[in-house]
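In: turn this into a structure:
(4 chains)
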Protein chains: 2
Amino acid sequence: MTTETPEPMRDRTRRLAQMELTNVAQELFLERGYEDTTVDQIAAAAGMSRRTFFRYFPSKDDLVIGKYDLFGDRLADAFDARPHDEPVWQSLRRTFDITLEYVQDERQRARSDAMDRIVESSAQLNARYLQKMQRIQEILVGRVADRLALHGLSTAGAQPAAIIGAAFACLQAARSTWLQSEQQRPFSDYLDEAMSVFRVID
Amino acid sequence: MTTETPEPMRDRTRRLAQMELTNVAQELFLERGYEDTTVDQIAAAAGMSRRTFFRYFPSKDDLVIGKYDLFGDRLADAFDARPHDEPVWQSLRRTFDITLEYVQDERQRARSDAMDRIVESSAQLNARYLQKMQRIQEILVGRVADRLALHGLSTAGAQPAAIIGAAFACLQAARSTWLQSEQQRPFSDYLDEAMSVFRVID
DNA sequence: GCCACACTTGACACCAAGTGCCACTTAAGG
DNA sequence: CCTTAAGTGGCACTTGGTGTCAAGTGTGGC
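Out: Numbering: from 1, shown residues only, chains lettered A, B, ... in the order given. Below you'll find the model as predicted:
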């Protein structure tokens, strides 16, 4: 009985505190830049002690980059939802459609873009971002290998990792190009353009 | 007259000191691991002060990862040496041949592999490694765009970045797979296997 | 109302990576 | 021998991050 309500309660307050912190931090980052904003300043602006900050985020980086932790699982789910007889490359393209939803909501898009710019502004953050992406790719490699096996192709070698690596390279290239050009054409165009360069044996 | 010899002289001693540091550090890393080895320990083992260490390497990470700084330029040179009418994907495959030389020398290969294992053992180093690779890719994007333009293809969009990103994904996948399997087959086989998955419009 | 309990918080101390500053040595050239 | 420039080390300082402990805060049971 006692284990029913307490869990959601604490989680909610925790999430609220994290939200508050990210909001406060984002303003500071836009003002002084990421590296020139100390954890003390963020904590003070959010009305908590430095020590407490690190109870809500394992590191300063995670405040910005932590949101990508869910991304991998969401991609995996989306990939699993694709029909098994679909060519892998096309499944990956469709899997990436969930990144479009992310961009849909106008209000949240501005916030997300601001964060992305912060990530690009700091070498430190950029490195951690790439690392997160790498991890996400590892989640998907196994699934691609299974799919290839279904199609009667070798599953043990470097091919599965190469395929998802290439797919993510396309995603990355499209994203980067889209951010630099002033976003008149939809992001999906850039993604299609990038991924259509490759014909994958399947 | 005085400006002829001093430059190479200092550079040589500097390079020697860096070599010594990397050797000493490598042993310590293999003993205690990267993160549990402090700069103080490395400096002490090399017979210098902590402060001096940072005059030879801008950071502890660079001691391990700094060697990749040259890698980008070497790849660029190798790519430039390919015939301009060669299909881009094949040029990239041939460009990667210079990574094979790296592996050729038996004595140096062991050392290089040890360092690679160290890189893989630390999340911090791994992130910085990915970042370096990203930078190297940026060096090559322009050249791929030029090559595509020569073949009468669009050069402005995300395609050049997507192509080299995919190529590096193959390189990475092949390297990873090769490191895990016990290296009975040559590395070039893995690379061929990975890159042959893609047919690139050209 | 009160006690027991788990959870949260803040304060303090501590470590490691860097950085700036300054004084000292050392070696090369006149 | 002296001057000058480079290398070096010591020191203090900042910042991210962690461990520990003691004080608050709430919630349920009596």
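In: how about the contacts made by A:Gly165?
Out: A:137, B:166, B:168-170, B:172-173 (C-beta atoms under 8 Å, 6 or more residues apart in numbering or on different chains). Placement of C-beta: from N, CA and C, glycine included.
In: now flag whichever of these is closest to B:Leu30.
Out: B:Gln172 (23.8 Å; C-beta to C-beta).
In: not counting sequence-adjacent ones, nearest residue to the closest one?
Out: Distances taken as C-beta to C-beta, 6 or more residues apart in numbering or on different chains place A:Gly165 nearest to B:Gln172, at 6.1 Å, with adjacent residues excluded.
In: part of a strand, is the one you found?
Out: No: applying DSSP: H, G, I helix; E, B strand; the rest coil, one finds A:Gly165 to be helix, outside a strand.
In: how near is it to DNA strand C?
Out: According to C-beta to the nearest atom of the strand, to the nearest Å, A:Gly165 and DNA strand C sit 28 Å apart.
In: swap in A:Gly72?
Out: Taking C-beta to the nearest atom of the strand, one finds A:Gly72 at 25 Å from DNA strand C.
In: in a helix, that residue, correct?
Out: Yes: counting by three-state DSSP, A:Gly72 is located in a helix.
In: check contacts around the most centrally placed residue in chain A.
Out: With distances taken as C-alpha atoms, centre = their mean, chain A has A:Tyr68 as the residue nearest its mean C-alpha position (3.5 Å). A:Tyr68 makes contact with A:129, A:132-133, A:136, according to C-beta under 8 Å, 6+ apart.
In: top of those residues by neighbour count?
Out: Counting neighbours by other C-beta atoms under 10 Å in any protein chain shown, A:Tyr129 leads these with 22 neighbours.
In: what sits against that one?
Out: A:65, A:68, A:119.
In: next: A:Val39.
Out: A:50, A:53-54, A:60.
In: same check, this time on A:Arg82
Out: A:91, A:94-95.
In: run the last query once more with 10 Å
Out: A:Arg82 makes contact with A:88, A:90-95, A:143, A:147, according to C-beta atoms under 10 Å, 6 or more residues apart in numbering or on different chains.
In: of those residues, just the buried ones, ChimeraX syntax please.
Out: In ChimeraX syntax, the buried subset of the contacts of A:Arg82 is picked out as below (16 or more other C-beta atoms under 10 Å in any protein chain shown):
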select /A:88,91,92,93,95,143,147
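In: where do the strands of chain A begin and end?
Out: Using DSSP state E, the strands of chain A run over residues A:198-200.
In: and it, which of its residues are near DNA strand C?
Out: Within chain A, the positions adjacent to DNA strand C are A:10, A:14, A:17, A:47-49, A:51-52, A:55-56 by C-beta under 7 Å from any atom of the strand.
In: the residue lying closest to A:Arg128 once chain neighbours are set aside and B:Gln124: what is the separation?
Out: Closest residue in space to A:Arg128, ignoring its immediate chain neighbours: A:Asp61 at 4.9 Å, by C-beta to C-beta, 6+ apart. Per C-beta to C-beta, to the nearest Å, A:Asp61 is found 11 Å from B:Gln124.
In: who has more neighbours out of those two?
Out: More crowded of A:Asp61 and B:Gln124, by other C-beta under 10 Å: A:Asp61, with 20 against 15.
In: per-residue confidence for that one?
Out: pLDDT for A:Asp61: 97.
In: for A:Pro6, same thing?
Out: 47.
In: now swap in the one 5 residues further on and tell me
Out: Looking at A:Asp11, its pLDDT reads 77.
In: count of neighbours near it?
Out: Around A:Asp11 there are 10 residues (other C-beta under 10 Å).
In: pretty sure A:Lys60 contacts A:Ile118?
Out: No: with contacts counted by C-beta atoms under 10 Å, A:Lys60 stays clear of A:Ile118, the gap being 11.7 Å.
In: circling back: restricted to buried residues, select the contacts of A:Val39 in PyMOL.
Out: Selection of buried members from those for PyMOL, criterion 16+ other C-beta under 10 Å:
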select buried, chain A and resi 53+60
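In: of the contacts of A:Gly165, which belong to helices?
Out: Among the contacts of A:Gly165, the subset assigned to helices under DSSP state H consists of A:137, B:166, B:168-170, B:172-173.
In: so A:Ser122 sits against A:Met115, correct?
Out: No: using C-beta under 10 Å, A:Ser122 makes no contact with A:Met115, being 11.4 Å away.
In: between those two, which contacts overlap?
Out: Taking C-beta under 10 Å, 6+ apart as the criterion, A:Ser122 and A:Met115 both touch A:29, A:64.
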